[in-house]
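Novice: I would like the atomic coordinates for the input below:
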Amino acid sequence: MALSFTKMTAIGNDFIVVDGRVFDFDSISPIAEKLCDRRFGIGGDGVIFILPGTDSADFTMRIINSDGSEPEMCGNGIRCFARWLDDCGEFLGESIAVATGAGVLTISRDHRGYRVNMGKPILDPALIPVTAEQSLAVAVSVPGFDAECTAVSMGNPHAVFFVDQISDEQVTVAGPLIEKNGLFPRKTNVEFIRVINDSEVEMRVWERGCGETLACGTGACAAVVAGIRNNRHGCDVTVHLRGGDLQISWDGSPQSPVFMTGPAHTVFAGTIEI
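Specialist: Residues are numbered from 1 along each chain as shown. Presented below is the predicted three-dimensional model:
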């Protein structure tokens, strides 16, 4: 069978987008790992499926990571989702509602790309989840790295570490050990953050199920939430990632949503025999 796909990227986080209304999710998702292989497949950090909406959403997004696991949500992926709909003439009106494993998210267009209402951050340790009494100052110890993190969920779990300088050893050596640390029952994404000033931070990320990626939208949101909770910067922050920049804003109230704004682009479209 010939599978039609679109290769898309959002500041270096790249995805294979499949119209799940045409190609059956249950048939394609088991081969997502093969499709994401950068030598023998199309190559990507994950496969995104465009699916029909529900009563409260215009569309549904599901994503399979490059290791075959299914995360709750992907911030860069949902902007690619929106761009795909825009390119196909299916982004109608000023905004659309998309159902995800992290709830229904609203996306609008912005001169910088797409602005996504990412919902309220989850700060309750039991719901993140992290096996600690509080989500602030969580002590983490793995070989060669001992530090405190702030745990946040944006529908998926994150462990945010503030460091003076970000190193390869932190990301690629400590990162995978922290991802699978027993403190995090569902594993975790791991962010290393250097605060530049009141409105800018630098970030590198080890993504759960993907390894180091050039960008992570939910990770950028979690990082800014953690920074605000720790009084490290203001409420409207540019996050500099290896693949580009995201604009993240949150007013600091646990009852308020986090907003993420950034670009998404189509790389190419094609078919592959499966």
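Novice: any idea where the helices of the stretch 51-200 of the chain begin and end?
Specialist: Secondary structure of the stretch 51-200 of the chain by DSSP state H, counting those that start in this stretch: the helices cover 75-87, 168, 175-179.
Novice: what's the closest of these to Val258?
Specialist: Ranking those by proximity to Val258 (Cβ to Cβ) places helix 75-87 first, at 9.6 Å. Where you see a C-beta, it was placed from the backbone N, CA and C, and this is true even at glycine.
Novice: what's the spacing between the residue nearest to Ser66 when sequence neighbours are not counted and Thr172?
Specialist: Leaving aside its sequence neighbours, Ser66 sits nearest to Cys36 (Cβ to Cβ, 6 or more residues apart in numbering; 3.9 Å). According to Cβ to Cβ, to the nearest Å, Cys36 stands 19 Å off from Thr172.
Novice: What of Ala126?
Specialist: Applying Cβ to Cβ, the value for Ala126 to Thr172 is 30 Å.
Novice: Also Leu127?
Specialist: Applying Cβ to Cβ, the value for Leu127 to Thr172 is 29 Å.
Novice: cool, Val160 as well?
Specialist: According to Cβ to Cβ, Val160 stands 17 Å off from Thr172.
Novice: Which of the two has more residues huddled nearby?
Specialist: Ranked by neighbour count (other Cβ atoms under 10 Å), Val160 and Thr172 place Val160 first, with 27 against 13.
Novice: distance of the more buried one from Met203?
Specialist: 9 Å.
Novice: Kindly report the same for Asn197.
Specialist: According to Cβ to Cβ, Asn197 stands 14 Å off from Met203.
Novice: the more surrounded of the two?
Specialist: Met203 (22 against 10).
Novice: Keeping just the C-alphas, turn the helix or strand harbouring the more buried one into CSV.
Specialist: Using DSSP states H and E, Met203 falls within strand 200-207. Output in CSV follows, covering the C-alpha atoms of strand 200-207 (Å, rounded to 0.1, in the frame of the first residue of the first chain):
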residue,chain,number,x,y,z
GLU,A,200,14.7,35.4,27.7
VAL,A,201,15.9,31.8,28.5
GLU,A,202,18.0,29.2,26.7
MET,A,203,16.8,25.6,26.8
ARG,A,204,17.9,22.2,25.7
VAL,A,205,15.7,19.2,26.1
TRP,A,206,15.8,15.4,26.4
GLU,A,207,12.4,14.3,25.2
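Novice: who's in contact with it?
Specialist: Strand 200-207 is contacted from outside by 45, 65, 166, 170-172, 175-176, 178-179, 189-196, 212-213, 215-216, 219-220, 223-224, 227, 233, 237-242, using Cβ atoms under 8 Å, 6 or more residues apart in numbering.
Novice: mind listing what's buried in that strand?
Specialist: Buried residues in strand 200-207, defined by neighbour count with 16 or more other Cβ atoms under 10 Å: Val201, Glu202, Met203, Arg204, Val205, Trp206, Glu207.
Novice: among these, which one has the lowest pLDDT?
Specialist: Checking pLDDT across the buried residues of strand 200-207, the minimum falls on Glu207 at 95.
Novice: roughly how far apart are that residue and Pro176?
Specialist: Between Glu207 and Pro176 the computed distance is 10 Å (Cβ to Cβ).
Novice: that older thread, can you name the element that comes right after the strand holding Met203?
Specialist: strand 211-213.
Novice: Sheet partners, orientation included, of that following strand?
Specialist: When pairing is defined by DSSP bridges, strand 211-213 lines up against strand 200-207 (antiparallel).
Novice: just how off-centre is the strand it pairs with within its chain?
Specialist: The chain centre lies 12 Å from the centre of strand 200-207; the measure is Cα atoms, centre = their mean, to the nearest Å.
Novice: Same question for stretch 52-67.
Specialist: Chain-centre distance of stretch 52-67: 14 Å, with Cα atoms, centre = their mean.
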